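1. just coords:
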């Protein structure tokens, strides 16, 4: 048995408000290994990584970073992971519940969705081939407030099938228990070739995306809660995944994969409910929702190519990504689409014991129909490095420049270049203590990982868009570039 707990202490204002500091449980887990299986119970920790080739749960990529982060899932959730290896079979079970749906992008939202996550994989290796069976499901069950949508005759809630239920049964309920689930069942295989240096992988998942109302607050015999059966959405869901991964030598790594997500087979009078999150101070602990009439069928294609070459002092990186979204609206018989492509080269170079530098660049082009996407391109460059002055004192810099071009109607276009510098000094008397004094917005965010992640600039732009609903991404980039500040950051690790 092994346990782990991490408390977090935060001042809601600043360093000079010592009476406004709260302590709360930030991370925890307990591992139990009774013999034939292992159990990991956890809270708010990045430990979820399903063992299927796709990594249905896990493989999280942070917003605002150029290269794929390949993080495990688990932040904003609590649950258990059960694993067992017996009789040549490898079993993994995942059970979790979401208490902070969008923790990476906006911790200030009230997004305690209570989403249940279920995942089970069972695999076995036969010489050069590993085969597996998979099951995954995400499920929400919310009580939704319809007090402003009910009470009229005939019913006019905005959901045709719910209106039919109310008009037929006379149900006077104004709160409805909403059931939303998407599940998949499928299989996968992995080939182990060239002493496992070459691994082709394939996974096929098939399932359903379903929504409906299962309880209302005045449909029971005593005008209390009672069961109802009002399906409002029933679509086929499918995922096809393929990958080729090769480690040609100790220095060269290559991986290419493609995934297609499909939601198909629409029927008449369907509606879809999607959550709308509000800021925590105004949400009053409610999950709000929007109703989508005539929800589209969709196909999403995602492709990645990763190449990495390394030696003792230098890493050369190349990451290419392509995303294509297609939507078909069955009632209107119209189609829309959105497309994005990015090419990202990079280099990490430890020139000597005193100086290192990283240069990451990303060229991105985007296009789409209607209001789905603007048409244009961008080139983002991040240069960061450290130069030691003495054993404990270093100069540091982290400079981000982005060029954005938006193509507008009638053949016109608009382009802008924005630069966000961060440069100063870093003092490290030992490996657990550091002090940074620099000019500019600190690009490192410590809200999630105590070692910091390069997401603070994205967080600033995202927060600006939340506070200014009519602003564009160009406005957010301009606000970031205009941010003038001196940063003093002290970090102590225990």
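-> Perfect, thanks for sending it. A quick note: this is a predicted structure, and the numbers were derived from the prediction, not measured. Residues are numbered from 1 along each chain as shown.

2. Every contact and neighbour count from this point should use C-alpha atoms.
-> Noted.

3. partners of the strand ranked longest in the chain in the sheet?
-> Longest strand of the chain, by residue count under DSSP state E: strand 226-246. Using DSSP bridges, the strands paired with strand 226-246 are strand 198-216 (antiparallel), strand 252-264 (antiparallel).

4. The longest helix seen in the chain - contacts with which helices or strands?
-> For the chain, the longest helix by residue count, based on DSSP state H, is helix 456-467. Other helices and strands packing on helix 456-467, by 3 or more CA pairs under 8 Å, 6 or more residues apart in numbering; DSSP states H and E, are helix 473-481.

5. quick check: mean pLDDT across the helix it packs on?
-> For helix 473-481, the mean per-residue pLDDT is 92.

6. re the thing from before, give me the buried stretch members for the longest strand of the chain, please.
-> 226, 228, 230-246 (16 or more other CA atoms under 10 Å).

7. Buried residues, the longest helix of the chain. List them.
-> Buried residues in helix 456-467 (16+ other CA under 10 Å): 456-462, 464-465.

8. per-residue confidence averaged over it?
-> 89.

9. What pairs with the helix or strand encompassing residue 366, parallel or antiparallel?
-> Element membership of residue 366, judged by DSSP states H and E, is strand 355-368. Counting by DSSP bridges, the strands paired with strand 355-368 are strand 334-350 (antiparallel), strand 375-388 (antiparallel).

10. Export these to a markdown table and append columns for mean neighbour count.
-> Converted to a markdown table, the strands paired with strand 355-368 look like this (neighbours: other CA atoms under 10 Å):
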| stretch | mean neighbour count |
| --- | --- |
| strand 334-350 | 18 |
| strand 375-388 | 19 |
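
11. Need the residue closest to the centroid of the chain.
-> Closest residue to the average C-alpha location of the chain: residue 60 at 5.7 Å, with CA atoms, centre = their mean.

12. Beta-bridge partners for that residue, please?
-> residue 71.

13. Distance-wise, check the closest residue to residue 1 other than its chain neighbours relative to residue 42.
-> Nearest residue to residue 1, sequence neighbours excluded (CA to CA, 6 or more residues apart in numbering): residue 32, at 4.7 Å. For residue 32, the distance to residue 42 (CA to CA, to the nearest Å) stands at 11 Å.

14. ok, back up a step: need the contact partners of the longest helix of the chain.
-> Here helix 456-467 makes contact (CA atoms under 8 Å, 6 or more residues apart in numbering) with 63-64, 105-106, 441-445, 471-473, 476-477, 479-480.

15. before we move on, the earlier item: tell me which of residue 32 and residue 42 has more neighbours.
-> Neighbour totals were compared for residue 32 and residue 42, and residue 42 leads with 24 against 14 (other CA atoms under 10 Å).

16. Using the three-state scheme, assign that one.
-> strand (DSSP: H, G, I helix; E, B strand; the rest coil).

17. and residue 132, what pLDDT?
-> pLDDT, read off for residue 132, is 97.

18. Tell me how many other residues crowd the nearest residue to it once chain neighbours are set aside.
-> Using CA to CA, 6+ apart and skipping the chain neighbours, the partner closest in space to residue 132 is residue 123 (3.9 Å). Residue crowding around residue 123 was assessed by other CA under 10 Å; the count is 21.

19. neighbouring strands for the helix or strand hosting residue 123, and are they parallel or not?
-> According to DSSP H and E, residue 123 maps onto strand 116-126. Applying DSSP bridges to the sheet, strand 116-126 is found paired with strand 89-98 (antiparallel), strand 129-145 (antiparallel).

20. State the next helix or strand along the chain beyond the last one.
-> Okay, so that is strand 129-145. Going down the chain from strand 129-145, the next helix or strand is helix 160-169, by DSSP H and E.

21. what angle sits between that next one and strand 198-216?
-> 30 degrees (axes from the mean of the first three to the mean of the last three CA atoms, to 10 degrees).

22. mind listing what's buried in helix 160-169?
-> For helix 160-169, the neighbour count (16+ other CA under 10 Å) marks 160-163, 166 as buried.

23. dump the residue contacts of residue 82.
-> Here residue 82 is in contact with 37-40, 91-94 (criterion: CA under 8 Å, 6+ apart).

24. Repeat that for residue 403.
-> Contacts for residue 403 (CA under 8 Å, 6+ apart) come out as 378-380, 415-418.

25. what's the answer for residue 5, then?
-> 25-29.

26. Pull the number of nearby residues for the nearest residue in space to residue 142 that is not next to it in sequence.
-> Nearest non-adjacent residue to residue 142, counting by CA to CA, 6+ apart: residue 178, 5.1 Å away. When neighbours are counted by other CA under 10 Å, residue 178 registers 19.

27. go on, residue 318?
-> Around residue 318 there are 19 other residues, counting by other CA under 10 Å.

28. That one is in contact with residue 348, isn't it?
-> No. Contact criterion CA atoms under 8 Å: residue 318 and residue 348 do not qualify, at 11.8 Å.

29. Any idea what residue 359 is bridged to?
-> Residues in beta-bridge contact with residue 359 (DSSP bridges): residue 347, residue 383.

30. That one: how many residues sit nearby?
-> Quick note: residue 359 (other CA under 10 Å) scores 18 neighbours.

31. Might you report the residue contacts of it?
-> 346-348, 381-384.

32. Of the contacts of residue 82, keep whichever come out buried.
-> Buried members of those, counted by 16+ other CA under 10 Å: 38-40, 91-94.

33. picking up where we left off before, what angle do the longest helix of the chain and helix 473-481 make?
-> Using the same axes, to 10 degrees: helix 456-467 against helix 473-481 is 120 degrees.

34. what does stretch 390-397 rub up against?
-> Residues outside stretch 390-397 that contact it (CA under 8 Å, 6+ apart) are 383-389, 421-430.

35. Work out the gap between the longest strand of the chain and the centre of the chain.
-> A distance of 18 Å separates the centroid of the chain from that of strand 226-246, by CA atoms, centre = their mean, to the nearest Å.

36. Start at 11, not 1
-> Got it, first residue is 11 now, which makes that one strand 236-256.

37. Need the mean per-residue confidence for it.
-> Averaged across strand 236-256, pLDDT comes to 96.

38. What is the nearest of the contacts of residue 369 to residue 500?
-> Closest to residue 500 out of the contacts of residue 369 is residue 394 (19.5 Å), distances taken as CA to CA.

39. in the stretch 311-460 of the chain, what spans have low per-residue confidence?
-> Scanning the stretch 311-460 of the chain for pLDDT under 70 picks out 418-422.

40. OK, contacts around the residue nearest to residue 152?
-> Residue 188 makes contact with 150-154, 221-225 under the criterion CA under 8 Å, 6+ apart.
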